[in-house]
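> Sequence and predicted structure below; questions after.
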Amino acid sequence: MSGPAIRLLSVDFDCPDPAELARFYGAALGLPVVYSSDDFVLLGRGNAPGLGFIRVADYRPPTWPDPSQGKQAHMELGVDDLEAAHARMLALGAVEPPVQPHPDQRRVLLDPAGHPFCISTQD
């Protein structure tokens, strides 16, 4: 049975300030803004899936590793140099939480809206 073609357009994150979070991920991943309004910003390139950021008035950030407010989303970013990438993400505005389950292979960081994400080597 065949059906309509379906493709991923974007992965979207709730946040209090879409422009701020788009600046963070745009700088980190080298992605330009392809659409922007007061309540939504989309990063992307060509026909590839993008990252979207949606304003939520009563946004509550995740409290990882505390499960009281779940992490909501989690991105894994591959890097060639863990130490250099870690320093760059912190310089861009990421925050390092106190818990690091596997710091030799992967670092857990929090984006400016509090979403946890990991940077890890491909080894």
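Alright, I've got the coordinates. Numbering: from 1, shown residues only.
> Using PDB, list the CA coordinates for stretch 12-29.
Once non-C-alpha atoms are left out, stretch 12-29 reads as follows in PDB (Å, rounded to 0.1, in the frame of the first residue of the first chain):
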ATOM      1  CA  ASP A  12      10.400  22.600  17.200                       C
ATOM      2  CA  PHE A  13      11.200  23.700  20.800                       C
ATOM      3  CA  ASP A  14       9.000  25.500  23.200                       C
ATOM      4  CA  CYS A  15      10.800  28.500  24.800                       C
ATOM      5  CA  PRO A  16      10.200  31.900  26.300                       C
ATOM      6  CA  ASP A  17      12.200  33.800  23.600                       C
ATOM      7  CA  PRO A  18      12.400  32.300  20.100                       C
ATOM      8  CA  ALA A  19      14.900  34.800  18.800                       C
ATOM      9  CA  GLU A  20      17.400  34.200  21.700                       C
ATOM     10  CA  LEU A  21      17.200  30.400  21.300                       C
ATOM     11  CA  ALA A  22      17.600  30.700  17.500                       C
ATOM     12  CA  ARG A  23      20.700  32.800  18.000                       C
ATOM     13  CA  PHE A  24      22.200  30.200  20.200                       C
ATOM     14  CA  TYR A  25      21.500  27.200  17.900                       C
ATOM     15  CA  GLY A  26      22.200  29.200  14.800                       C
ATOM     16  CA  ALA A  27      25.700  30.100  16.000                       C
ATOM     17  CA  ALA A  28      26.300  26.600  17.400                       C
ATOM     18  CA  LEU A  29      25.300  24.800  14.200                       C
END
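> Determine how far it lies from the middle of the whole chain.
7 Å (Cα atoms, centre = their mean, to the nearest Å).
> list the buried ones in it?
In terms of neighbour count (16 or more other Cβ atoms under 10 Å), stretch 12-29 has its buried residues at 12-16, 18-19, 21-26, 28. Every residue, glycine included, has its C-beta placed from N, CA and C.
> I'd like to know how far G46 sits from L31.
11 Å (Cβ to Cβ, to the nearest Å).
> I'd guess R23 is in a helix, am I close?
Yes. Counting by DSSP: H, G, I helix; E, B strand; the rest coil, R23 is found in a helix.
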